[in-house]
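let's see this in three dimensions:
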Amino acid sequence: MFPLARMLSLAAASALVALTAVSASALAEELPQNLGPVAPHEPILTTVGNKRVLAFFEPGSGNCAFHAVIWNTADDNADTASRVRTSLKPRQMVLIDTPDNKTLKLECGDNAERLAIIDNNHFVAAGAGN
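Numbers count the residues shown, from 1 in each chain. Model (predicted):
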């Protein structure tokens, strides 16, 4: 495992890369998005309900070392931020629920090679929602 300071600097660097990829002509109200799937150390950036999510993973021992930072979209200083860490086996999912009944489903890919948002309709159609 990496020290906390290294993890936080990696998250900050990932966020910086994602933010610089946004067009300079974007309006200030438009938040950058990267819906993936992403490779190791690349960020997924999205909004779920009234929450903003920055998520990434690091491969390790065939698993995805998953990290996410979640905060209120109206919070300019991210004072409400929460950090989530867990280890996901390949094809295992993590669900992030918000108070306004929205859910973000993220799945660790085969051999811990990618992290992807799972579409709710696709997930239910595959029979896993029953």
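
Leu35 is in contact with Val53, correct?
No. Counting by Cβ atoms under 8 Å, Leu35 is not a contact partner of Val53; they are 10.7 Å apart. C-betas here are computed from N, CA, C, even on glycine.

so Gly60 bridges to which residues?
Counting by DSSP bridges, Gly60 is bridged to Asn63.

likewise for Asn34?
Beta bridges link Asn34 to Leu45 when assigned by DSSP bridges.

count of residues packed around Val84?
For Val84, the neighbour count with other Cβ atoms under 10 Å is 13.

now swap in Arg83 and tell me
Taking other Cβ under 10 Å as the neighbour definition, Arg83 ends up with a count of 14.

just the element for the closest residue to it other than its chain neighbours, please.
Nearest non-adjacent residue to Arg83, counting by Cβ to Cβ, 6 or more residues apart in numbering: Val69, 5.4 Å away. Taking DSSP states H and E as the definition, Val69 sits inside strand 63-72.

sec struct for Asp75, please.
For Asp75, the assignment made with DSSP: H, G, I helix; E, B strand; the rest coil gives coil.

need the contact list for it.
Ala81 (Cβ atoms under 8 Å, 6 or more residues apart in numbering).

go with 10 Å
Asn50, Lys51, Arg52, Ala81 (Cβ atoms under 10 Å, 6 or more residues apart in numbering).

pLDDT-wise, which helix or strand of the protein ranks last?
helix 120-125 (a mean of 44; mean pLDDT, DSSP states H and E).

if we can go back for a sec, surely the residue nearest to Arg83 is in contact with Phe56?
Yes. Counting by Cβ atoms under 10 Å, Phe56 is a contact partner of Val69 at 9.4 Å.

in stretch 104-116, which residues are buried?
Neighbour-count burial for stretch 104-116 flags Leu104, Lys105, Leu106, Glu107, Cys108, Gly109, Ala112, Arg114, Leu115, Ala116 (criterion: 16 or more other Cβ atoms under 10 Å).

ok, now stretch 69-85?
The neighbour-count check on stretch 69-85 (16+ other Cβ under 10 Å) flags Val69, Ile70, Trp71, Asn72 as buried.

start and end of stretch 56-72, how far apart?
19 Å (Cα to Cα, to the nearest Å).
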